[in-house]
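Trainee: A predicted structure for the sequence below; I have some questions about it.
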Amino acid sequence: MASEARKWLKAHDLLDRLPVYQPGVTDDAAFGREVETLCNAKGAFRSGYGPHVLSPDWLMRRANEPHPNMKPMECLLAISAMSGFKMGFIGNEQIAPE
């Protein structure tokens, strides 16, 4: 994954601009805002679920665009893989009826 992420970031001229993330040292929310700016993904990490969880509202807006632009999502995934910044998603799981 890191190898593919490196290729993607290099191809999009972002590899040299990758912010440094150190777990337990870096301010997670500040790092998330920096990544949002770099990826043109404003609001991606701003949810009530914490700075490591993609905003369900942001994801739904992207998914419901007539022609979704996947580059911001690809960018977020690549940076997560390269930096070690763990990223999560909130799904729409439901308990199965009995």
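Mentor: All right, it came through fine.
Trainee: I'd like the next helix or strand past the lowest-mean-pLDDT helix or strand in the chain.
Mentor: Least confident element among the helices and strands of the chain, by mean pLDDT, DSSP states H and E: helix 56-63 (a mean of 83). Downstream of helix 56-63, the next assigned helix or strand under DSSP states H and E is helix 71-83.
Trainee: helix 56-63 and that following helix, what's the angle between them?
Mentor: Interaxial angle, helix 71-83 versus helix 56-63 (axes from the mean of the first three to the mean of the last three C-alpha atoms, to 10 degrees): 130 degrees.
Trainee: below-threshold pLDDT in the protein: ranges please.
Mentor: Scanning the chain for pLDDT under 70 picks out 63-64, 66-69, 92-96.
Trainee: any idea which residue sits dead centre in it?
Mentor: Nearest to the mean C-alpha position of the chain, by C-alpha atoms, centre = their mean, lies L76 at 3.2 Å.
Trainee: which residue sits closest to that residue in space, ignoring its chain neighbours?
Mentor: Nearest non-adjacent residue to L76, counting by C-beta to C-beta, 6 or more residues apart in numbering: C39, 5.4 Å away. (Glycine included, C-beta is placed from N, CA and C.)
Trainee: hmm, that neighbour is touching M70, no?
Mentor: No. Judged on C-beta atoms under 8 Å, C39 makes no contact with M70 at a distance of 11.2 Å.
Trainee: can you list contacts of stretch 80-98?
Mentor: In this structure, residues lying in contact with stretch 80-98 by C-beta atoms under 8 Å, 6 or more residues apart in numbering are 1-2, 4-6, 9, 15, 18-21, 23, 28, 31-32, 35, 47, 49, 52-54, 56, 59, 76-77, 79.
Trainee: now do the buried residues in it.
Mentor: Counting neighbours by 16 or more other C-beta atoms under 10 Å, one finds that the buried residues in stretch 80-98 are 80-83, 85, 87.
Trainee: quick check: end-to-end length of it?
Mentor: Using C-alpha to C-alpha, to the nearest Å, the span of stretch 80-98 from its first residue to its last is 38 Å.
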